[in-house]
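Participant: Below is the structure, and that's it, no one-letter string:
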């Protein structure tokens, strides 16, 4: 054994075993992959085998001592890729994909988040590389300078291929059509491993990039038929109630609905937002079963979905990968139908999520980014401008806008890792010991105070009474990586079903002259915002390709698809491959045919939406005779606008 370990093959064997052990340890320690049975646990344990044999085995083709050097280099690259996914997963509960790597313009703003996501114990993930370096220095003098016989590395590579084939066969037996019909990267990693997922993702990305070239006008017909059949007729009582009014859309960053009426240390965390929800005058309508549907695009996905009624992509962000698509977005429709000017207000860099480009394709007239605000030291924290100065400095711009207008106000302070200056904190943090969870309530209170002052300013300016005010949460703030702390906060165990329940975000709306409904229990989501707004404005949503339906309609389709293919309804839910009773949260062992059909419809709907984005299918669709395609060359922002005047 000692003699074998001193050879190149022995060194390879040590490197392979250490790689295998480290990968499995990281799976168990860092990722929540939802292992439900013995087969899944077995596959999780063995799936590093094929990757280790193939990738490390390539180094054995090198001549002499270079083989050892290449084993260390390859192992280091694999470790870096794995660790990058560990850090990414700690916040996103997801894995890095090729499209997310294209979002490099976002990296400069996430320094604080990355620092918060690194842990001291992460150094342990480099121990195997250090050990290999020591062994290489000690053993290399015993190695031949000749190239290893090709038969040996070829046998290792073939063994790796066979191991992958067996792995895939067992995975397909446990979850049929794993690679054909899944939107959930957790499944692919659980069954096939992180490194095989990276290869799978690269293949998927290459296939997606060809869809636009191969698409034609026939493809949109199937989509049009589906959306027309799903259409919900407007509520006659509400149709057109907001016609000609301003629209002020307030985007609450990372705000989950469990914050509503939540008390910490005997205090309401968000007293002002609570007052809107519990308004006895029924000025507002609050949808308490409203869900976000974002994936890797997070905030950008929420923007896309609310303004186009299309789902975000299963990986990456359409704002980045498909930002030059043809869109028939809410701002452009309101402009063409009712003369609304439009603007987005956001105290961050204009290129974040490629906003300064994609907004042109959505027909947005003005984009007020960080260059329009006082970004001095005291006004900025974490991702950008604090919410209080943001609203304060936005008011003069709002007052100068030509009416009617569409204004999208995007908050920032309530964003992971929820940093807040001491003088801005008006409530003590929670005491779970999880910093992100504990500070979450402090930044939520700060956001609530910011919103209260903004409402006062709107009323003083005279804009309040003549504006539709829409408030919504964009995505979760606390991921399932913080389940221990969250279980303390809500006082119960966070099961997969409970985690799905926690994806509720608020949707609150006020329409001048229209009596609100108080609390509406209809199951609804981001995808439903656009058709709802169009009908409130008196515009027939049926003309447009939309996957949502009017939330005020008696025919509203009350099922909420998530990007993973899971979904929620009033009666039952489908989460983690299991159907649950929505009222009792008990598992439904024998799903009905209706449930199975609903599952198929959700998958079909997500696939159709993906086809629209990946194939840029709206270029083949004309909503009505009055519609004029948006020309992005007619829109300029900031310095660019000044240069073109």
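Facilitator: Yep, it's here. Given the structure is predicted, the values throughout are model-derived calculations rather than measurements.
Participant: which residues make contact with stretch 478-498 from outside it?
Facilitator: Contacts with stretch 478-498, where a contact means C-beta atoms under 8 Å, 6 or more residues apart in numbering, come from 32, 34, 89-93, 256, 258, 430, 432-434, 436-438, 440, 499, 502, 573, 575-576, 578, 580, 585. C-betas here are computed from N, CA, C, even on glycine.
Participant: My error: substitute stretch 445-456 in the last question.
Facilitator: Under the contact criterion C-beta under 8 Å, 6+ apart, stretch 445-456 has outside partners 250, 252-253, 255, 269-273, 386-388, 390-392, 395, 409, 411, 413-414, 420, 424-427, 464, 471.
Participant: now those residues: which count as buried?
Facilitator: Among the contacts of stretch 445-456, those buried by neighbour count (16 or more other C-beta atoms under 10 Å) are 250, 252-253, 255, 269-270, 272-273, 386-388, 390-392, 395, 409, 411, 413-414, 420, 424, 427, 464, 471.
Participant: which residues are contacting stretch 458-468?
Facilitator: Looking at what lies outside stretch 458-468 - C-beta under 8 Å, 6+ apart - the contacts are 242, 245-248, 395, 398-399, 403, 455, 469, 509-512, 533, 536.
Participant: Quick one: residues contacting the residue nearest to residue 530 when sequence neighbours are not counted.
Facilitator: For residue 530, the nearest residue in space outside its immediate sequence neighbours is residue 309; the separation is 4.0 Å by C-beta to C-beta, 6 or more residues apart in numbering. The neighbourhood of residue 309, defined by C-beta under 8 Å, 6+ apart, consists of 527, 528, 529, 530, 531, 544, 545, 546, 547, 548.
Participant: at 7 Å instead, please
Facilitator: Counting by C-beta atoms under 7 Å, 6 or more residues apart in numbering, residue 309 makes contact with 527, 530, 531, 546, 547, 548.
Participant: Kindly confirm whether my reading is correct that the first one touches residue 548.
Facilitator: Just to be clear, that refers to residue 527. Yes - with contact defined as C-beta atoms under 7 Å, residue 527 counts as touching residue 548 (3.7 Å).
Participant: Need the buried ones from the contacts of stretch 478-498 selected in PyMOL.
Facilitator: One line in PyMOL is enough to select the buried members of these, burial here meaning 16+ other C-beta under 10 Å:
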select buried, resi 89+90+91+92+93+256+258+430+432+434+436+437+438+440+499+502+573+575+576+580
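Participant: among the contacts of stretch 478-498, which are in helices?
Facilitator: When helices are assigned by DSSP state H, the members of the contacts of stretch 478-498 inside them are 89, 90, 91, 92, 436, 437, 438, 440, 499.
Participant: Reformat those as CSV; add distance to residue 126 and pLDDT.
Facilitator: Formatted as CSV, the ones in helices among the contacts of stretch 478-498 follow (distance: C-beta to C-beta, whole Å; pLDDT from 0 to 100):
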residue, distance to residue 126, pLDDT
89, 18, 85
90, 18, 85
91, 22, 72
92, 23, 67
436, 25, 93
437, 29, 96
438, 30, 97
440, 31, 97
499, 32, 95
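Participant: which of the residues you listed lies closest to residue 188?
Facilitator: Minimum distance to residue 188 across the ones in helices among the contacts of stretch 478-498 is 13.7 Å, recorded for residue 89 (C-beta to C-beta).
Participant: Just give the nearest non-adjacent residue to the closest one, would you?
Facilitator: With C-beta to C-beta, 6+ apart, the residue lying closest to residue 89 is residue 31, at 5.9 Å.
Participant: since we're on the one you found, how many residues are nearby?
Facilitator: Using other C-beta atoms under 10 Å, the number of residues around residue 31 comes to 22.
Participant: Next, give phi and psi for it.
Facilitator: Torsion angles at residue 31 (phi, psi; degrees, to the nearest 10) stand at phi -110, psi 140.
Participant: measure it to residue 91 for me?
Facilitator: Taking C-beta to C-beta, to the nearest Å as the measure, residue 31 and residue 91 are separated by 13 Å.
Participant: What residues of the host helix or strand of residue 130 count as buried?
Facilitator: Of the helices and strands defined by DSSP states H and E, residue 130 is found in helix 127-139. Buried residues in helix 127-139, counted by 16+ other C-beta under 10 Å: 128, 129, 132, 135, 136, 139.
Participant: just these now: which is nearest residue 335?
Facilitator: Minimum distance to residue 335 across the buried residues of helix 127-139 is 57.0 Å, recorded for residue 129 (C-beta to C-beta).
Participant: what sits against the closest one?
Facilitator: Taking C-beta under 7 Å, 6+ apart, we find residue 129 in contact with 72, 75, 76, 79.
Participant: Ok, residue 569 next?
Facilitator: With contacts defined as C-beta under 7 Å, 6+ apart, the neighbours of residue 569 are 523, 558, 559, 582.
Participant: Can you give me the separation between it and residue 554?
Facilitator: 17 Å.
Participant: cool, residue 580 as well?
Facilitator: As judged by C-beta to C-beta, residue 580 and residue 554 stand 27 Å apart.
Participant: ok, and the most crowded of the contacts of residue 309?
Facilitator: residue 531 leads these on contacts (other C-beta under 10 Å) with 30 neighbours.
Participant: Check what pLDDT that residue gets.
Facilitator: According to the per-residue confidence, residue 531 scores 98 in pLDDT.
Participant: separation between the residue lying closest to it once chain neighbours are set aside and residue 232?
Facilitator: In space, and not counting its chain neighbours, residue 531 is closest to residue 541: 4.0 Å by C-beta to C-beta, 6+ apart. Taken as C-beta to C-beta, the spacing of residue 541 relative to residue 232 amounts to 9 Å.
Participant: ok, now residue 280?
Facilitator: 29 Å.
Participant: now residue 391
Facilitator: Distance, residue 391 to residue 232, by C-beta to C-beta: 34 Å.
Participant: same check, this time on residue 440
Facilitator: As defined by C-beta to C-beta, residue 440 lies at a distance of 35 Å from residue 232.
Participant: which residues in the stretch 301-450 of the chain form strands?
Facilitator: With DSSP state E, counting those that start in this stretch as the definition, the stretch 301-450 of the chain shows strands at residue ranges 341-346, 366-368, 380-381, 384-385, 405-410.
Participant: Same list (those) but as CSV, adding distance to residue 608 and mean pLDDT.
Facilitator: Listed next are those as CSV, based on distance: least, C-beta to C-beta, whole Å; pLDDT from 0 to 100:
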stretch, distance to residue 608, mean pLDDT
strand 341-346, 27, 98
strand 366-368, 30, 97
strand 380-381, 41, 92
strand 384-385, 35, 92
strand 405-410, 26, 98
